[in-house]
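In: Following is a predicted model, sequence given first.
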Amino acid sequence: MTARKILVIDDSRVIRNMVRDMLPPGNIEVVEAPDGIKGLEMIQKEMPWMIMLDFLLPRMSGFEVYERLQLSREYSAIPLLLMSGRKEEVTSKISEPFEDKYFAFIEKPFEQKQLLVAIKKAIELAKNKPPVYAVESTPDRATDQAMSGQTDQALLDRVTKLEAKGKEMEAMQAKLKILEKQVVVQHKQIQQLVAFIKQRIK
């Protein structure tokens, strides 16, 4: 099965590596671009399954990349996750709600749980986005679309499972903290008991 390519367009290597590490294991290939112009080149070359786009980029801003994507039937249909360290930078150019523009937004820095939620949202919004113009479906195109939907659902299922595991880990950590507190209390009680017995023996 061909790997699903996620294009991460961000001038920060740290962010690009962090996204790569946070994505669920499986049929995913991460490709990268450090600026807007290279990002557009990679979109044309790789035709990624999803685009993660930083809003502030060198050479060509994320907003300019976003505008160009919206002009293309094929590119505008790709699930889009917009990233920024300051949400107000985005809202100064693109008004909320972002759902009406059919893309998800995540504020940097983010944790894995937030990223997975945003990816799911981007996928769901892209499914509901109307095409730029109508295209008749041939049998081959219909088959491709059906297979694509199945693969998307499989990835959504993996993301959901990873989210569930994260919640289980959080619950286990909470229980562990409670147990640690109980151990500390019991240890103090044992020390007090030992001290009392020593006094009685004397």
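Out: Noted; the coordinates are in hand.

In: Show me where the chain has its helices.
Out: For the chain, the helices defined by DSSP state H cover 13-22, 36-46, 62-70, 73-76, 87-91, 112-128, 139-201.

In: and the ones you listed, which one's lowest on average pLDDT?
Out: Of all the helices of the chain, the minimum mean pLDDT falls on helix 139-201 (a mean of 70).

In: about what we covered before: any chance of the helices of the chain in TSV with distance to V30 and mean neighbour count as columns?
Out: For glycine as for every other residue, the C-beta is placed from the backbone atoms N, C-alpha and C. Shown next, in TSV, are the helices of the chain (distance: least, CB to CB, whole Å; neighbours: other CB atoms under 10 Å):
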stretch	distance to V30	mean neighbour count
helix 13-22	5	15
helix 36-46	11	17
helix 62-70	18	19
helix 73-76	19	16
helix 87-91	23	14
helix 112-128	12	17
helix 139-201	13	11
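
In: mind checking how far W49 is from N27?
Out: 10 Å (CB to CB, to the nearest Å).

In: Between the two, tell me which one has more neighbours.
Out: Remark: of W49 and N27, W49 carries more neighbours, 22 against 14, as counted by other CB atoms under 10 Å.

In: ok, E74 touching Q44?
Out: No - E74 is beyond contact range of Q44, at 9.8 Å (criterion: CB atoms under 8 Å).

In: Pipe the helices of the chain into CSV and attach distance to E99 per row.
Out: What follows is the helices of the chain, written out as CSV (distance: least, CB to CB, whole Å):
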stretch, distance to E99
helix 13-22, 22
helix 36-46, 22
helix 62-70, 15
helix 73-76, 15
helix 87-91, 14
helix 112-128, 6
helix 139-201, 17
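
In: show me the contacts for the most centrally placed residue in the chain.
Out: The residue lying closest to the centre of the chain (CA atoms, centre = their mean) is L115, at 2.8 Å. L115 is in contact with 19, 22-23, 106, counting by CB atoms under 8 Å, 6 or more residues apart in numbering.

In: any idea which of those residues is closest to V183?
Out: Comparing the contacts of L115 against V183 with CB to CB places M22 closest, at 33.1 Å.

In: ok, that closest one touching P109?
Out: No - the pair M22 and P109 fails to qualify as a contact (CB under 8 Å) at a distance of 11.3 Å.

In: pLDDT score for A134?
Out: 41.

In: from here on, count from 11
Out: That works, and once the first residue is 11, the last one we named lands at A144.
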